[in-house]
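Participant: model this:
(one chain, ligands or ions: 1)
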Amino acid sequence: MVISVIGVGYLGAVHAAAMAELGHEVIGLDVDAARITALQSGRAPFHEPGFEEILHRGLASGRLRFTTDYADIAGAEVHFLGLGTPQRKDGFGADLSHLEAATESLRAVLPARGGEPTLVVGKSTVPAGTARMLAGRLEQVEGVTLMWNPEFLREGFAVKDTLEPDRLVYGVRDPGTPAAEQAVAMLDAVYTALLTAGAPGW
Ligand SMILES: NC(=O)c1ccc[n+]([C@@H]2O[C@H](COP(=O)([O-])OP(=O)(O)OC[C@H]3O[C@@H](n4cnc5c(N)ncnc54)[C@H](O)[C@@H]3O)[C@@H](O)[C@H]2O)c1
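Facilitator: As a prediction, the model looks like this:
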């Protein structure tokens, strides 16, 4: 499948390389041009066991590439959101500004899919209600469904936890409806290798 990962920080870079390792065609996107240059050159911006190996393998295979241009991800069937959600400087809530900015940039290119089924999958850690708020914006575009698939990777084990997860959690609105079933089937297709290997789903 053709996949984008938006926000290739710690979580996103590992996820992008891991999805290429599973055989998908992956485009990692970030607004940090220096980070994109490093990743595209095979330089890991952080130390994580096994990451540089899968980064190099993905780049060498041609299945993994990186960009700063949202136009480059317009054709992807599945978009993962790996944006940071730090604590707000003025209070205890999460700062969702990166997630909201990325959602707006993504929404602008989604019509290029011409109404074909397109899945947006949030992986960031967010407060309750965030998915509903973002779905209200993204699902205005025909064919688009938003799901949430929170990440549980542990630093130092990020590659292993992504490729051999002990759980996969899906959040989808109105389960049982055709739109929800189609979205779940698309995410299952992304994770087929993990599900076949026995990762439990909730
Ligand atoms: N790091 C972990 O171990 C871990 C584990 C589980 C969950 N999480 C969650 O995952 C999320 C991401 O965490 P992280 O540690 O990878 O954050 P990070 O800060 O390392 O990465 C976020 C990336 O998003 C990029 N970005 C910001 N605005 C953008 C935009 N508009 N478009 C595209 N890219 C943009 C930043 O440049 C950065 O590279 C957070 O919600 C975090 O809580 C992290």
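Participant: quick one: secondary structure of residue 80?
Facilitator: strand (DSSP: H, G, I helix; E, B strand; the rest coil).
Participant: do you know how far it is from the ligand?
Facilitator: Distance of residue 80 to the ligand, given as Cβ to the nearest ligand atom, to the nearest Å: 11 Å. (Glycine included, C-beta is placed from N, CA and C.)
Participant: pretty sure that residue is touching residue 1, no?
Facilitator: No: contact between residue 80 and residue 1 fails when scored by Cβ atoms under 8 Å: they sit 11.6 Å apart.
Participant: Tell me the backbone dihedrals of residue 26, please.
Facilitator: phi -120, psi 130 (degrees, to the nearest 10).
Participant: so what's it up against?
Facilitator: 3-5, 16-17, 19-20, 58, 63-65 (Cβ atoms under 8 Å, 6 or more residues apart in numbering).
Participant: Just these: which are in helices?
Facilitator: Counting by DSSP state H, the contacts of residue 26 place 16-17, 19-20, 58 in helices.
Participant: now, among those residues, which is nearest to the ligand?
Facilitator: Using Cβ to the nearest ligand atom, residue 16 comes nearest to the ligand of the ones in helices among the contacts of residue 26, at 11.0 Å.
Participant: residue contacts, the closest one?
Facilitator: Contacts for residue 16 (Cβ under 8 Å, 6+ apart) come out as 5, 8, 26-28, 58, 64, 66.
Participant: can you tell me how far the most centrally placed residue in the chain sits from residue 157?
Facilitator: Against the mean C-alpha coordinate of the chain, by Cα atoms, centre = their mean, the closest residue is residue 80 at 1.9 Å. Distance of residue 80 to residue 157, given as Cβ to Cβ, to the nearest Å: 19 Å.
Participant: what do you get for residue 81?
Facilitator: 22 Å.
Participant: Which one of the two is surrounded by more residues?
Facilitator: residue 81 (26 against 13; other Cβ atoms under 10 Å).
Participant: can you give me the helices for the chain?
Facilitator: Under DSSP H, the chain gives helices at 10-21, 33-40, 51-61, 97-109, 130-138, 158-163, 178-190, 192-196.
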